[in-house]
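Visitor: One predicted model, sequence on top.
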Amino acid sequence: MSNIHLHQITKSFGPTPVLRDVSLVIKDGEFLTLLGPSGCGKSTLLRILAGLEVQDSGSVWIGERPVDGVRPKLRDIAMVFQSYALYPHMTVGANMALPLRMRRLNAWQRLPILGWVVPGTRRVAAEIEAEVSRTAKALDIGHLLSRKPGQLSGGQRQRVAVGRAMVRHPAVFLMDEPLSNLDAKLRVQMRAEIKDLHRRLGVTFVYVTHDQAEAMTLSDRVAVMLEGELIQVAPPQEIYANPDDCRVAEFVGSPKINLLDSVVRERGSVDAVGTRFQLLSDAEPGTALTLGIRPEAFHLSDGGGVNTLTGAVRLIEHMGSDLFVHLDLAGLDHALIVRLTADRAPHIAPGQTLHLSVKPDRVLAFSRDGKRLRAAGPAEMCKVPSLRQFAL
Amino acid sequence: MLACALAGPAVLLLFSLFFVPVIAVFVISLTDWQFGAPTFAFVGIANFREVLADEGFRASLLNTIVYVLIVVPGTVILGLAIAVLIESGRSLRALYRALHFLPFMATIAAMAIAWEALLHPTIGLVNQTFLAMGLPTANWLRDEVTALPVLAIIGIWQNLGFAMVLFLAGLKSIPRDLYDAAEIDGADRWLDRLCTVTLPMLNPVSMFVVIVVALRAFEAFDTIKVLTQGGPGHASDVLLYTLYRESFEYLRTGYGASVAVIFLAIVVALTLIQARAMDKRVHYQ
């Protein structure tokens, strides 16, 4: 079992705090993604987990033992870097063999020519070679073993980096934005391969990314980090549909969630941009709230009544199966963005007035400091949307 | 037309400052011309024959090779060691850099006089120190055995800063990720790190340093002229000093020119070999 426990980790670079009291438990075999904008501390957290960086306070446990002060190579982890960090002077085969050579051969045996004279070297070297070629074959890079990294494409390099991590069967895979340097098409393909790799290996993956599509499609759970804090750790659907914090709601989802300033009129209803919304929340009358409504939560209606907005179409973005409609609303200084399926909204043109309704359970209420306000009771449970929206 | 006009000045300069002198040297090397003499006659390869048969020239060539073989490895290894040390330390980096780079910037003829004072047989600091420590002393610059090695050590001292600066630049350009990867892969002791990442990644820089320092060592002249004048006997005679002495002290210009041609041939050959090696071995992308 190699559960990972991060216990109250803090880290500062000089006067700048990077991680503030981060605690997290990663289950054995889980695919956990650290998601956040650049500079939020997610990479630092991963590096602390790897042992490449030392935390100011707090402790890291991998499996049954604390690994604070334990060197990276003894932590039973492997890491894939954004830049791949392949050794440019070594062939692919040598790159993949290095972790095994460093572990199984002693300093004498690693000497260039003399090493062969030392007893046992040939046998171990042959084993290593066999394992490397087996791993390479599994990753479909068997034919590249004698090439140098400089002669490979981005996708191939990525596979070599994964191969170097895989070859010694670590208990935990750490990946630091491994797909960022690839073009969009390749990224989608490699995403699927990483998912498949996780399924095949069954070991723990900790994956750092700023790309919500990667986080949503790959993860068992997503840990959203902002400004050095863990804001929410939950399965992707939960993060999307049921965010704990306004910033999480804003960070996840494309196009962005619509945020409307509002004031509670009476228990269960609020006023925002001149419309009354029913709300599953028991906030006191007079409380100022922020309402969050996902673009796809709206549907076309005949107008009038509660939970219905009226606005003029500013522009339309065709996305194939969907339309993104930008609406001008009286009393709202930015456009309201609505996502409609193309076949249900055939005749929309700029300038047209639209009435849009939203179900009360799709309206998320946040207090002004960004905390989610939830109503007691089962009515709160949101409908979980499909993950199709992330596949863009 | 415009293109010719634009390239013209550069071509003219290249010809007048480079090609014409080189051709002139070739031509002179085939004559018996003496500097300042009104007439000369072509003597074919007689000069070359004389040069190659000359004991003094052979000694000079051998000395040059020995000098280069001491200076190049000494400079490269020490320069690399100092660069790695400076880079791994945290404080006073700029000071150490400046200190080690100073000799390269200084006028070597003036510095040679300082060395002369240090190496003075009776009042020099070197001998005084050796004496105090009970070590054997020598008349460093007047002794057949020590003259050339001492000059080579001064050569190392002179080129060290140059090599160090280039190595420092090379070290800075090694991606941090590679060291991280090496640490995770298990190459986390300093020797492993050096062999897995630092040295291979410095290979292009090292090649460049070796070429430049080798060329500079071949061209050693100032220290020899100031400190030993090639002596005692031919013990510290090097090619460039022989060339100078024959041409401008003995005024045997034809003979000097043929030494120059041989010198040029060696330098060109060296450059070509190293350029070839550089292309083959050290091209990462």
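Guide: Noted; the coordinates are in hand.

Visitor: Just the CA atoms of stretch B:196-215, as PDB, please.
Guide: As requested, C-alpha coordinates have been extracted for stretch B:196-215 and formatted as PDB (Å, rounded to 0.1, in the frame of the first residue of the first chain):
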ATOM      1  CA  THR B 196      25.800  12.000 -16.100                       C
ATOM      2  CA  VAL B 197      24.900  15.600 -16.600                       C
ATOM      3  CA  THR B 198      27.600  18.300 -16.200                       C
ATOM      4  CA  LEU B 199      30.400  17.000 -18.300                       C
ATOM      5  CA  PRO B 200      28.400  15.700 -21.200                       C
ATOM      6  CA  MET B 201      26.400  18.900 -21.300                       C
ATOM      7  CA  LEU B 202      29.600  20.900 -21.200                       C
ATOM      8  CA  ASN B 203      31.000  19.000 -24.100                       C
ATOM      9  CA  PRO B 204      30.400  21.700 -26.800                       C
ATOM     10  CA  VAL B 205      32.000  24.300 -24.500                       C
ATOM     11  CA  SER B 206      34.900  22.100 -23.600                       C
ATOM     12  CA  MET B 207      35.600  21.500 -27.300                       C
ATOM     13  CA  PHE B 208      35.600  25.200 -27.900                       C
ATOM     14  CA  VAL B 209      37.900  25.900 -25.000                       C
ATOM     15  CA  VAL B 210      40.300  23.200 -26.000                       C
ATOM     16  CA  ILE B 211      40.600  24.700 -29.500                       C
ATOM     17  CA  VAL B 212      41.000  28.200 -28.400                       C
ATOM     18  CA  VAL B 213      43.500  27.500 -25.600                       C
ATOM     19  CA  ALA B 214      45.500  25.200 -27.900                       C
ATOM     20  CA  LEU B 215      45.800  28.000 -30.500                       C
END
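
Visitor: In space, what's closest to B:Leu119 - neighbours in sequence excluded?
Guide: Closest residue to B:Leu119 in three dimensions, ignoring its sequence neighbours and counting by CB to CB, 6 or more residues apart in numbering or on different chains: B:Trp140, at 4.5 Å. Where you see a C-beta, it was placed from the backbone N, CA and C, and this is true even at glycine.

Visitor: Surely the one you found is in contact with B:Leu148?
Guide: No - under the criterion of CB atoms under 8 Å, B:Trp140 lies out of contact with B:Leu148, with a separation of 10.7 Å.

Visitor: In contact with the residue in the stretch 51-200 of chain B that chain A sits nearest to, which residues are there?
Guide: Proximity of the stretch 51-200 of chain B to chain A (CB to the nearest CB) peaks at B:Gly186, 3.3 Å away. For B:Gly186, the contacting residues are A:73, A:98-99, A:102-103, B:192, by CB atoms under 8 Å, 6 or more residues apart in numbering or on different chains.

Visitor: tell me the strands in the stretch 201-350 of chain A, going along the chain?
Guide: Ranges of strands within the stretch 201-350 of chain A are A:204-209, A:221-226, A:229-234, A:258-266, A:269-272, A:275-278, A:288-293, A:298-300, A:308-318, A:322-328, A:336-341, based on DSSP state E, counting those that start in this stretch.

Visitor: right, and these - which one's nearest chain B?
Guide: Taking CB to the nearest CB as the criterion, chain B comes closest to strand A:204-209 out of the strands of the stretch 201-350 of chain A, the separation being 13.5 Å.

Visitor: Helices of the chain, start to end?
Guide: As the question left the chain open, I've gone with chain A. Assigned by DSSP state H, the helices in chain A fall at A:42-50, A:92-104, A:121-138, A:154-166, A:184-201, A:212-218, A:236-241, A:246-251.

Visitor: meant chain B, my bad for not saying
Guide: With DSSP H as the criterion, chain B has helices spanning B:2-14, B:20-29, B:46-53, B:55-88, B:93-105, B:108-118, B:125-132, B:147-172, B:176-185, B:190-193, B:199-218, B:222-227, B:239-244, B:253-281.

Visitor: Let's have these in a markdown table, adding mean neighbour count and distance to A:Ser367.
Guide: A markdown table is the format used below for the helices of chain B (neighbours: other CB atoms under 10 Å in any protein chain shown; distance: least, CB to CB, whole Å):
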| stretch | mean neighbour count | distance to A:Ser367 |
| --- | --- | --- |
| helix B:2-14 | 9 | 71 |
| helix B:20-29 | 15 | 84 |
| helix B:46-53 | 16 | 95 |
| helix B:55-88 | 19 | 51 |
| helix B:93-105 | 14 | 51 |
| helix B:108-118 | 15 | 74 |
| helix B:125-132 | 14 | 78 |
| helix B:147-172 | 21 | 49 |
| helix B:176-185 | 22 | 41 |
| helix B:190-193 | 14 | 51 |
| helix B:199-218 | 19 | 53 |
| helix B:222-227 | 21 | 79 |
| helix B:239-244 | 22 | 83 |
| helix B:253-281 | 16 | 65 |
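
Visitor: could I get these as JSON lines with mean pLDDT?
Guide: As requested, the helices of chain B are arranged in JSON lines below (pLDDT from 0 to 100):
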{"stretch": "helix B:2-14", "mean pLDDT": "91"}
{"stretch": "helix B:20-29", "mean pLDDT": "89"}
{"stretch": "helix B:46-53", "mean pLDDT": "85"}
{"stretch": "helix B:55-88", "mean pLDDT": "91"}
{"stretch": "helix B:93-105", "mean pLDDT": "83"}
{"stretch": "helix B:108-118", "mean pLDDT": "84"}
{"stretch": "helix B:125-132", "mean pLDDT": "86"}
{"stretch": "helix B:147-172", "mean pLDDT": "91"}
{"stretch": "helix B:176-185", "mean pLDDT": "91"}
{"stretch": "helix B:190-193", "mean pLDDT": "86"}
{"stretch": "helix B:199-218", "mean pLDDT": "88"}
{"stretch": "helix B:222-227", "mean pLDDT": "85"}
{"stretch": "helix B:239-244", "mean pLDDT": "88"}
{"stretch": "helix B:253-281", "mean pLDDT": "83"}
